[in-house]
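Colleague: After the sequence you'll find the predicted model.
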Amino acid sequence: MSGASFSIEYDHKQWEFINELAEKFPEFRAVAMGYVGRAGRQMLKKNYLSGQEIDLSVFPRDKAGRRTVSYSIGRHARSVRISSYPMNLFERGRRLRDGSKQPGKFVVTGKLKQAMTSGLQSILNEYDSKYLQKELNKL
């Protein structure tokens, strides 16, 4: 039987960099999710809620001060939820006063979802070039 051994020699400064990177990674992930959420919120307001489907451009906030289009970062920064509570009236359709049913617009669950899926890589590349590289250079 022959034995094989494997050893790693490392510079102490490189190990410190790896430890700092591991400590900062949850923060980087949360900031990236926030950037994606912000981009999705802007896309929803600009492309779908500024007169095309319904017009919320004149109402960025309601009377109580809540945003009409918002995003939230999920637990442990693993997901982003983009929502617009006025769109709840139109998303799946609604019953009109005369008894007929207006068909759903499916803006958030259909059109925005497809647009975000196709544009996600460019949003992440933009985040990487604007913010992540600066933070990594600081380490």
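Modeller: Right, received. Where do you want to start? Numbers count the residues shown, from 1 in each chain.

Colleague: just the helices in the protein please.
Modeller: 12-43, 88-91, 113-127, 133-138 (DSSP state H).

Colleague: May I see the ones you listed organised as CSV, with mean neighbour count, distance to residue 81 and mean pLDDT added?
Modeller: No exception for glycine: its C-beta is placed from N, CA and C like everyone else's. Putting the helices of the chain into CSV (neighbours: other Cβ atoms under 10 Å; distance: least, Cβ to Cβ, whole Å; pLDDT from 0 to 100) gives the following:
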stretch, mean neighbour count, distance to residue 81, mean pLDDT
helix 12-43, 14, 8, 83
helix 88-91, 14, 14, 75
helix 113-127, 13, 12, 89
helix 133-138, 10, 25, 80
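
Colleague: Residue 74: which of the ones you listed is closest?
Modeller: Nearest to residue 74, of all the helices of the chain, is helix 12-43, at 7.7 Å by Cβ to Cβ.

Colleague: elements contacting that closest one?
Modeller: Using 3 or more Cβ pairs under 8 Å, 6 or more residues apart in numbering; DSSP states H and E, the elements in contact with helix 12-43 are strand 70-73, strand 80-83, helix 113-127, helix 133-138.

Colleague: Nice, that's everything, thank you.
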